[in-house]
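Q: mind looking at a prediction? Sequence and model below.
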Number of protein chains: 4
Amino acid sequence: MNITLQQSEKVIKAAFQKATDIKVPMNIAVVDRGSNLVAFIRMDGAWLGSVDIAIKKARTANFFDMNSGEIGKLSQPGQPLYGIEVSNGGLISFPGGVVLKDAQGNIIGGVGVSGGAVEQDHEVATAGAAAL
Amino acid sequence: MNITLQQSEKVIKAAFQKATDIKVPMNIAVVDRGSNLVAFIRMDGAWLGSVDIAIKKARTANFFDMNSGEIGKLSQPGQPLYGIEVSNGGLISFPGGVVLKDAQGNIIGGVGVSGGAVEQDHEVATAGAAAL
Amino acid sequence: MNITLQQSEKVIKAAFQKATDIKVPMNIAVVDRGSNLVAFIRMDGAWLGSVDIAIKKARTANFFDMNSGEIGKLSQPGQPLYGIEVSNGGLISFPGGVVLKDAQGNIIGGVGVSGGAVEQDHEVATAGAAAL
Amino acid sequence: MNITLQQSEKVIKAAFQKATDIKVPMNIAVVDRGSNLVAFIRMDGAWLGSVDIAIKKARTANFFDMNSGEIGKLSQPGQPLYGIEVSNGGLISFPGGVVLKDAQGNIIGGVGVSGGAVEQDHEVATAGAAAL
């Protein structure tokens, strides 16, 4: 029920490939079911400030069993989860964090991607998640 | 004027029962009048990111002698307490934090619940508070 | 391979009983295999500063698959792990943190106790661990 | 003058190989000349508390252009750098952090390894550094 290093590297490899295809250097992080880091890469030229964001996106997705962008819809001003970002040492609630599931559909961790437009981040994270 | 462990366990037991009834696994935290943790449980399958949120909701309610959602009304953009969430190591200003009162109506602490929709969190916290 | 709430409550109940027997009010924390909090109690009259210490002891034991006091032997001046306490947001490396194992001997989390002399903390944590 | 992802992956691959040879699951981190994370892996079964320590060792080595254990000699009680560990969000001053140099001998980053005895950590980090 917890992601292995081998699975994490599959996720990162697939995400790296997608980032290369769309020509956007990315930071890519994988966390396990305890939201603890398992694997990470920063592609050459990727935004430095996105190291932390990629990790926080992966943690956010795993923390709440949903993609990070779903949290963001609920955390806008006037919405039910406004301000949730200050919890857990900092959440990132915009797209780019995606839950990771095994073949049986159990959540086993999260992947977070940061370095481009949020749609690109989400696309790359989704490509990573699809590798499992 | 300060909640005891026995009272805290009553609150948690009642909240746990309500969470079980509505079939949402919850994180449930009780803090005393000093906003310091007295008791906590995470139900199996409850969101991991809600550990911190439940504790912060309990603290928020006790910090300001009002339910956490009341703070949230005042902390929206353009409202008087905009940005208050960054204080005190992080507040949670949406529903799920409820003040705890003794039989005489004195506030003796706070309970915080996180794991479902905010209405569910508030319902479970209120059930906990009613046990005193 | 991860402790449940029911198991955590067994640990806390047994530790509470031992603390009551030796007449020292304690803070007692249980974390799961990801070092995230599952259950916590502060007994009436227990040191307030020990809330955080109990949680950190439980985390420390689970982090390194050994009792917290073992880390402390290695972190003294001149010893191999000198200064390790600054990592992981703060470790506690004196006794009172004990690993939790299931019937098959697999580590499934950690218990941390703080409120008395470190020998008492360790005794109470050990009593908690023995309940599994 | 800054390590690339490709170089970082070479370092991690060599360190992983050495850790596998000596049969100790390790956390392995590589940082660039800015002490910012480039690549990281946690081997299955490696200590969870060593995620942060591996990263801090890599940062420490690169921060001061010397292996982390050299700092530790100077940070003992009564020595010139006593207490330095509290700086920079936490340094780790025992062995396992090694500077990374390019073919010309320029420092281009640091590698940090944690998961075994400090001699093992240092051995694995050194094997990683030798791959450049």
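A: Structure received.
Q: drop to CA atoms for contacts and neighbour counts, all remaining ones
A: Noted.
Q: need the residues of chain A near chain D, please.
A: Residues of chain A lying near chain D by Cα under 8 Å from any Cα of the partner chain: A:4-5, A:36-44, A:48, A:51.
Q: go through those residues and flag which are in helices.
A: Members of the residues of chain A next to chain D lying in helices (criterion: DSSP state H): A:Leu5, A:Val51.
Q: of the residues of chain A next to chain D, closest to chain C?
A: A:Asn36 (7.2 Å; Cα to the nearest Cα).
Q: residue contacts, the closest one?
A: A:Arg59, C:Gly34, D:Leu48 (Cα atoms under 8 Å, 6 or more residues apart in numbering or on different chains).
Q: that one and C:Leu5: what is the separation?
A: Look at A:Asn36 and C:Leu5: by Cα to Cα, to the nearest Å, they are 20 Å apart.
Q: in stretch A:100-120, what counts as buried?
A: Counting neighbours by 16 or more other Cα atoms under 10 Å in any protein chain shown, one finds that the buried residues in stretch A:100-120 are A:100-101, A:107-116, A:118, A:120.
Q: correct me, but A:Val11 touches A:Thr126?
A: No: contact criterion Cα atoms under 8 Å: A:Val11 and A:Thr126 do not qualify, at 9.3 Å.
Q: returning to what we had before: in JSON lines: the residues of chain A next to chain D, plus pLDDT and distance to D:Ser75.
A: What follows is the residues of chain A next to chain D, written out as JSON lines (pLDDT from 0 to 100; distance: Cα to Cα, whole Å):
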{"residue": "A:Thr4", "pLDDT": "98", "distance to D:Ser75": "37"}
{"residue": "A:Leu5", "pLDDT": "98", "distance to D:Ser75": "35"}
{"residue": "A:Asn36", "pLDDT": "98", "distance to D:Ser75": "30"}
{"residue": "A:Leu37", "pLDDT": "98", "distance to D:Ser75": "29"}
{"residue": "A:Val38", "pLDDT": "98", "distance to D:Ser75": "31"}
{"residue": "A:Ala39", "pLDDT": "98", "distance to D:Ser75": "31"}
{"residue": "A:Phe40", "pLDDT": "98", "distance to D:Ser75": "31"}
{"residue": "A:Ile41", "pLDDT": "98", "distance to D:Ser75": "32"}
{"residue": "A:Arg42", "pLDDT": "98", "distance to D:Ser75": "32"}
{"residue": "A:Met43", "pLDDT": "98", "distance to D:Ser75": "35"}
{"residue": "A:Asp44", "pLDDT": "98", "distance to D:Ser75": "35"}
{"residue": "A:Leu48", "pLDDT": "97", "distance to D:Ser75": "30"}
{"residue": "A:Val51", "pLDDT": "98", "distance to D:Ser75": "30"}
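Q: circling back: neighbour count: A:Val11 and A:Thr126, which is higher?
A: Neighbours per residue (other Cα atoms under 10 Å in any protein chain shown) separate A:Val11 from A:Thr126, with A:Val11 holding more: 28 against 24.
Q: what's the helix or strand for the more buried one?
A: Using DSSP states H and E, A:Val11 falls within helix A:5-21.
Q: equivalent analysis for A:Ile92, please.
A: Residue-wise, A:Ile92 maps onto no helix or strand under DSSP H and E.
Q: that one contacts A:Lys57, doesn't it?
A: Yes: A:Ile92 is within contact range of A:Lys57, at 5.3 Å (criterion: Cα under 8 Å).
Q: which residues of chain A lie near chain C?
A: Counting by Cα under 8 Å from any Cα, chain A sits next to chain C at A:Arg33, A:Gly34, A:Ser35, A:Asn36.
Q: mind redoing it with 10 Å?
A: A:Met1, A:Asn2, A:Asp32, A:Arg33, A:Gly34, A:Ser35, A:Asn36 (Cα under 10 Å from any Cα of the partner chain).
Q: neighbours of the second one, how many?
A: This points to A:Asn2. Other residues close to A:Asn2 by other Cα under 10 Å number 17.
Q: can you confirm it is in a helix?
A: No: A:Asn2 is assigned coil when assessed by DSSP: H, G, I helix; E, B strand; the rest coil, not a helix.
Q: now the strands for chain A?
A: For chain A, the strands defined by DSSP state E cover A:27-32, A:37-42, A:97-101, A:107-114.
Q: nearest to D:Pro25 among the ones you listed would be which one?
A: strand A:37-42 (12.5 Å; Cα to Cα).
Q: what is the closest one packed up against?
A: In this structure, strand A:37-42 makes packing contacts with helix A:5-21, strand A:27-32, helix A:50-64, strand A:107-114, helix D:5-21, strand D:27-32, strand D:37-42, helix D:50-64, judged by 3 or more Cα pairs under 10 Å, 6 or more residues apart in numbering or on different chains; DSSP states H and E.
Q: and the first one, how far out from the chain middle?
A: Relative to the centre of its chain, helix A:5-21 is centred 12 Å away, using Cα atoms, centre = their mean, to the nearest Å.
Q: tell me what that helix is packed against?
A: Against helix A:5-21 (3+ Cα pairs under 10 Å, 6+ apart) you get strand A:27-32, strand A:37-42, strand A:97-101, strand A:107-114, helix A:118-129, strand D:37-42.
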